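1. here is a sequence with its predicted model. Questions after.
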Amino acid sequence: MKKRIVSLLVLATMTATMFAGCGGSDSANTEAPADTAATETEATEAAAELPADTGKVLNIQCWNDEFQSRLKSHYPGYEEVDATHGKIGDVEVVWTITPSTDNAYQNNLDEALLAQESAAADDKVDLFLVEADYALKYVDTDYAMALADLGITDADLADQYTYTQSIVTDSNGKLKGSSWQACSAGFIYNREAAKEVLGTDDPDEVQAAVADWDKYNETAAKVAEAGYTMCSVNDTFRVYSNNVSGKWVQDGKVVMDKNIEKWIDDSKALVDAKAEDTDDLWGDDWAKGKNPEGKVFCYFGPAWFFNFCLNADDPASIASQGGWGYCVGPQSYYWGGTWICAATGTDNANLVKDIILKMTTDKAILKDIATQDQDCVNSKSVLAELASTDDGNIALLGGQNPYKQLADGAEKVDLSNISAYDQGCNEELQKAAKNYFQGNATKEEALDMFKKAIVEKYPELTAE
């Protein structure tokens, strides 16, 4: 495991603000563990051979309280003790929650995993969570267990969406994580603004008005004329970047895809026309559209956006009045998701297995998560049921049921063009492009800023 340890340590040192990725770049490592549980029969045998749990403490590493709230609300037998402690039977659950700001979560997790072999039993990491943007960093190491080694079979996971498994499959084909979410995403629009600008708030009619980027730009012009802002350029970026024709990095070179260039050109035109702005995601200016006086026409987001980002508990918000609608938008895409990984060395393997199975494959629990938390869950059959009944109606969407569109979107997610450099390239490009959008640099100057930043961040790459 030494080469893996060195690899993770180097990453922890080199990526002060975001991951550098060790997925495909860890080619020097030839010490990958031997294949196990290649068939369901072998996986079942592995399950029978799991050692009895001896851990008195279940340590979980995460970056916010989302998974904590899901476990507390939906895992049978979970008892809350306080904000960072719980109990499952006679096992104490300890939550280490480190915000992602300035890469703090990954740095803290790296340190804990590097110390895993020598850690005292009650200090060992048992479960940790990863996001799509840096999943490969951990999946392609020995620190994340193959689910087959826990006795979790293909049959257990058969109802999940393929992309949710691809993103946490290592270079040897081993699945090393599971998610309760399927994060296909779409166009979340202000119903009152739609009626004012388009004469209707019907999702099918709104979809027709934003069915591709040309129609979107035409609608944006009407929105601006009516005194609204469509959204921030940063809202649309992920839609464009999820629909590229090739990877950011090819043969050691950073390649600017035509769809990324289209985002730059479209965004500049819309900013100049005052139809979009340059507000940073999650900032106060960006958030103004959650209330009617913010005069924002739309946001782009997945189902977790409903619950976490629209302030439905605020009586002054659009969400509290059921004032949002949902449609697919110009292109299908996905955004985010949280994957549960079992840490190698856990002394609670049976409990870890049960948590993963219940929270990501139990259909009754997944339906509860969808109906109680407005999440788009990782179950084809549950989403099909929700799409066909009133159980899928969401109050902040004015009673609209978005699950057919969300399920269709999850089937279309294509991960063939992701790379271990995506987070860094995406963030650096957006920072550089903002200078162009705000008139502080030409397009060429902004692209030069991007290339310089990428080469400094990833010295092994070249940028033409």
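-> Everything's here; your move.
2. ok, for the spatially most central residue of the chain, nearest residue in space, not its chain neighbours?
-> Geometric centre of the chain, nearest residue: Gly336, 1.3 Å, by CA atoms, centre = their mean. Closest residue to Gly336 apart from its sequence neighbours, by CB to CB, 6 or more residues apart in numbering: Cys183 at 5.0 Å. Where you see a C-beta, it was placed from the backbone N, CA and C, and this is true even at glycine.
3. what's the burial count for that neighbour?
-> Look at Cys183: counted by other CB atoms under 10 Å, it has 27 neighbours.
4. contact partners for it?
-> Counting by CB atoms under 8 Å, 6 or more residues apart in numbering, Cys183 makes contact with Ala132, Pro302, Ala303, Trp304, Tyr334, Trp335, Gly336, Gly337, Cys376, Ala410.
5. 7 Å instead?
-> Pro302, Trp304, Tyr334, Trp335, Gly336, Gly337, Cys376 (CB atoms under 7 Å, 6 or more residues apart in numbering).
6. would you check that the fifth one makes contact with Pro302?
-> Yes. Counting by CB atoms under 7 Å, Gly336 sits close enough to Pro302 to count as a contact (6.4 Å).
7. name the nearest residue to Pro203, sequence neighbours excluded.
-> In space, and not counting its chain neighbours, Pro203 is closest to Cys327: 4.6 Å by CB to CB, 6+ apart.
8. beta partners for the one you found?
-> On the basis of DSSP bridges, Cys327 is bridged to Phe187.
9. any idea how far Thr462 is from it?
-> Distance, Cys327 to Thr462, by CB to CB, to the nearest Å: 41 Å.
10. which of those two has more residues huddled nearby?
-> Per other CB under 10 Å, whichever of Cys327 and Thr462 has more neighbours is Cys327, with 23 against 14.
11. domain-wise, how is the chain divided?
-> Domain assignment of the chain by automatic domain parsing yields the ranges 2-182+336-361, 184-334+413-463.
12. just give me the lowest mean pLDDT stretch among these.
-> Averaged per stretch, pLDDT over the domains of the chain is lowest on domain 2-182+336-361, reaching a mean of 83.
13. wait, which of the domains of the chain is closest to Ile394?
-> With respect to Ile394, and counting by CB to CB, the nearest of the domains of the chain is domain 184-334+413-463 at 6.4 Å.
14. how far does that closest one stretch from start to finish?
-> 31 Å (CA to CA, to the nearest Å).
15. chain center to that domain, what's the gap?
-> Relative to its chain's centre, domain 184-334+413-463 lies at 16 Å (CA atoms, centre = their mean, to the nearest Å).
16. with stretch 395-406 instead?
-> Relative to the chain's own centre, stretch 395-406 is displaced by 20 Å; criterion: CA atoms, centre = their mean.
17. for stretch 137-155, same thing?
-> 19 Å.
18. just to revisit the earlier point, filter the contacts of Cys183 down to the buried ones, PyMOL style.
-> Buried residues within the contacts of Cys183, by 16 or more other CB atoms under 10 Å, are selected in PyMOL with:
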select buried, resi 302+304+334+335+337+376
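19. any idea which of the contacts of Cys183 is closest to Lys443?
-> Each of these was scored against Lys443 by CB to CB, and Trp335 proved nearest at 26.1 Å.
20. burial count for the nearest residue to the closest one once chain neighbours are set aside?
-> Excluding its sequence neighbours, the residue lying closest to Trp335 (CB to CB, 6+ apart) is Ala185, at 4.5 Å. Neighbour count for Ala185, taken as other CB under 10 Å: 27.
21. hang on, isn't Ala185 packed against Tyr299?
-> No. With contact defined as CB under 7 Å, Ala185 does not reach Tyr299; the gap is 10.1 Å.
22. about what we covered before: so which of the contacts of Cys183 are in helices?
-> Trp304 (DSSP state H).
23. could you pull out the strands for the stretch 201-350 of the chain?
-> For the stretch 201-350 of the chain, the strands defined by DSSP state E, counting those that start in this stretch cover 249-250, 253-254, 298-302, 324-327, 333-334, 338-342.
24. same question, the stretch 1-150 of the chain
-> Along the stretch 1-150 of the chain, counting by DSSP E, counting those that start in this stretch, strands occupy 57-62, 78-82, 85-88, 91-97, 125-131.
25. take the ones you listed and write them to CSV, including distance to Lys295 and mean neighbour count.
-> Below are the strands of the stretch 1-150 of the chain laid out as CSV (distance: least, CB to CB, whole Å; neighbours: other CB atoms under 10 Å):
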stretch, distance to Lys295, mean neighbour count
strand 57-62, 36, 22
strand 78-82, 41, 12
strand 85-88, 43, 16
strand 91-97, 35, 18
strand 125-131, 32, 23
